[in-house]
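Asker: sequence and predicted structure, then a few things I'm wondering about:
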Amino acid sequence: MSPKVMPPLRLIAGALLMLGPLAASLYLLLHGGLITPGVAVGVGLPALAGVVVILRTQRRDTRAVTDYVARLTDEPSTPVPPLASPASVRGLTAAVARLHRVMTGRVEQAQAQLEANESILEALHDPLVLVGADRQVVRANQAARGLFGDRILNRDLAASLRNPSVLEAVDAVLGGAASRILEFSLPVPVERMFEVRVKPFQRRLPRPVPDENALVPEDPAPAPPVTGRMVILTLHDITALRRSEQMRADFIANASHELRTPLSSLLGFIETLRGPARDDLEAHERFLSIMHDQASRMARLVNDLLSLSRIELDEHMPPAGQVDVLDRLDGVIAALELKAASRRIRLKLEAPERVPPVVGDEDQLTQVFQNLVSNAIKYTRENTDVTVAVSLADGAMVGFTSAVPLAQRNGRGHPMVAVAVRDQGEGIARTHLPRLTERFYRVDAARSRAMGGTGLGLAIVKHILNRHRGRLTIESAVGVGSTFTVYLPAASDAALPAAEPARRQA
């Protein structure tokens, strides 16, 4: 519906100026008896009719232009200007149509540029968050939503990012301070270090839309631009950098500590072979055998240190592949059968008929299973069984809810695949259990070294499971044996077993 069109005040004033002197003159002539009332009416009526025609013509032309502008607003395509209108109206509507086409083209260009900017922001690898003056999160790109969850939008920044230093910097910059750069860490699910840049952002806000029914002056003064101060947070993941620095320090400290004893032994045997035992062939054979064992232990230690360093470097990046747990366990058991047979140990695999795949890295999970089964073979009693049991578990029931992002959690927890390795060894005292996954921690250091252990196996298992957002639990009773259970998030929402499943046994 077209808006109501009223003649401009200037046009009405002009009409009154035209009729006023004529009406006054006719009144004076009629009052002086110079003309009759019929002559006065005959002269005044045509003049009044002419003014009315002018006003009606102006109103009709204005309404035609207004209707055409309204159709330009409502119709997606540019409508044809009214051809039956006077030349003045056709010229004006043609000019409006040209202006509409130009503005439509500019709007399309701006829309395309806006969509391109949106695509660029969404494709950025670094999280980017736009915070309003009230510390409400206005925008967050895909990387930021993946880090903090979709619930970060339209909420106070403190609801998703609880670091006091970052919040203080945001408040300061919103209050007018200069840009700030600082570091902070996110402790869960795996600790990650970020460098955050807090920079002010001045946004031009849209002017308020005027009321259509309000009186607007013909020459309004231009309104000043309305701006709002905001803050842009750009987060850069520096976890790998900080881990590399820490790993260099840890590697030097650990290597120097663990390599000192075998190197001292090697140097002592070499000096003996070059001195008193130079011609003693029997001593040569005995010392060379010991030197070979010490050198092999150092090689295993260096390999484990390098393996642990590589795992820690990528620990903050969860894997994206899928792994068949039963297939990996079959391979590990087949590879360790000879080692188990040398101590008359039987390896058993108990598992449901169907086990869902888990999210993980195939090589790293193979290393986890191999370390656990190999440890069980080392420490169980001879002529006993080592059992590997696979089952499904509810993540919430095992007290573990951070295996999946917050947005994907449900009331019952995410399905987990549990792999339990049980031995029948001497068991471990409860006081030692919390420290078993520390580097180089050994319950019995002499026995561990005698068996060729480096003290890094369970540390490697822990860091691999951290990367996989999994969990390791240890249960042990002295004189009975130990059970090491690995929980890994299933790749799909597999149904949890309602009853004891059918098992296969190897």
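Answerer: That came through, no problem.
Asker: how many neighbouring residues does Arg439 have?
Answerer: By other CB atoms under 10 Å, 20 other residues sit near Arg439. Just so you know, the C-beta spots here come from the backbone N, C-alpha and C atoms, and that holds for glycine as well.
Asker: list phi and psi for it.
Answerer: Backbone torsions for Arg439, taken as degrees, to the nearest 10, come to phi -60, psi 130.
Asker: pLDDT wise, what is it at?
Answerer: Note for Arg439: predicted pLDDT of 75.
Asker: just the one 4 residues further on next, same as before
Answerer: The per-residue pLDDT reported for Val443 equals 72.
Asker: what packs against the helix or strand hosting Thr483?
Answerer: In the assignment (DSSP states H and E), Thr483 maps to strand 481-489. The contact analysis (3 or more CB pairs under 8 Å, 6 or more residues apart in numbering; DSSP states H and E) places strand 481-489 against strand 358-359, helix 362-379, strand 415-422, helix 457-467, strand 471-477.
Asker: going along the chain, name the helices of the chain.
Answerer: Using DSSP state H, the helices found in the chain span residues 9-31, 37-74, 87-123, 142-148, 164-174, 239-274, 281-313, 325-341, 362-379, 445-450, 457-467.
Asker: with distance to Gln424 and mean neighbour count added, can I get those helices in a markdown table?
Answerer: Below are these laid out as a markdown table (distance: least, CB to CB, whole Å; neighbours: other CB atoms under 10 Å):
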| stretch | distance to Gln424 | mean neighbour count |
| --- | --- | --- |
| helix 9-31 | 104 | 13 |
| helix 37-74 | 83 | 14 |
| helix 87-123 | 55 | 12 |
| helix 142-148 | 45 | 19 |
| helix 164-174 | 51 | 17 |
| helix 239-274 | 30 | 14 |
| helix 281-313 | 26 | 15 |
| helix 325-341 | 13 | 16 |
| helix 362-379 | 9 | 21 |
| helix 445-450 | 17 | 13 |
| helix 457-467 | 19 | 22 |
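Asker: which stretch in those has the least confidence?
Answerer: helix 445-450 (a mean of 57).
Asker: for Asn303, find the nearest of the helices and strands packed on strand 481-489.
Answerer: helix 457-467 (10.7 Å; CB to CB).
Asker: what's the closest one in contact with?
Answerer: The set of residues external to helix 457-467 that reach it, using CB atoms under 8 Å, 6 or more residues apart in numbering, is 190, 304, 307-308, 311-312, 314-319, 361, 364-365, 367-368, 371-372, 374-375, 436-439, 471-472, 486, 488.
Asker: quick one on the thing from earlier: could I get the helices of the chain as TSV with distance to Ala158?
Answerer: Output for these, formatted as TSV (distance: least, CB to CB, whole Å):
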stretch	distance to Ala158
helix 9-31	56
helix 37-74	43
helix 87-123	23
helix 142-148	12
helix 164-174	6
helix 239-274	23
helix 281-313	31
helix 325-341	40
helix 362-379	36
helix 445-450	47
helix 457-467	27
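Asker: between these, which one is closest to Thr387.
Answerer: Closest among the helices of the chain, once you apply CB to CB, is helix 362-379, at 8.8 Å.
Asker: what helices or strands is the closest one leaning on?
Answerer: helix 325-341, strand 385-394, strand 415-422, helix 457-467, strand 481-489.
Asker: the inter-axis angle of it versus helix 325-341?
Answerer: 30 degrees (axes from the mean of the first three to the mean of the last three CA atoms, to 10 degrees).
Asker: run the chain-centre distance for helix 362-379.
Answerer: 33 Å (CA atoms, centre = their mean, to the nearest Å).
Asker: next: stretch 267-276.
Answerer: Distance, centroid of stretch 267-276 to centroid of chain: 60 Å (CA atoms, centre = their mean).
Asker: what does it contact?
Answerer: Contacts of stretch 267-276 (CB under 8 Å, 6+ apart): Ala283, His284, Phe287, Ile290, Met291.
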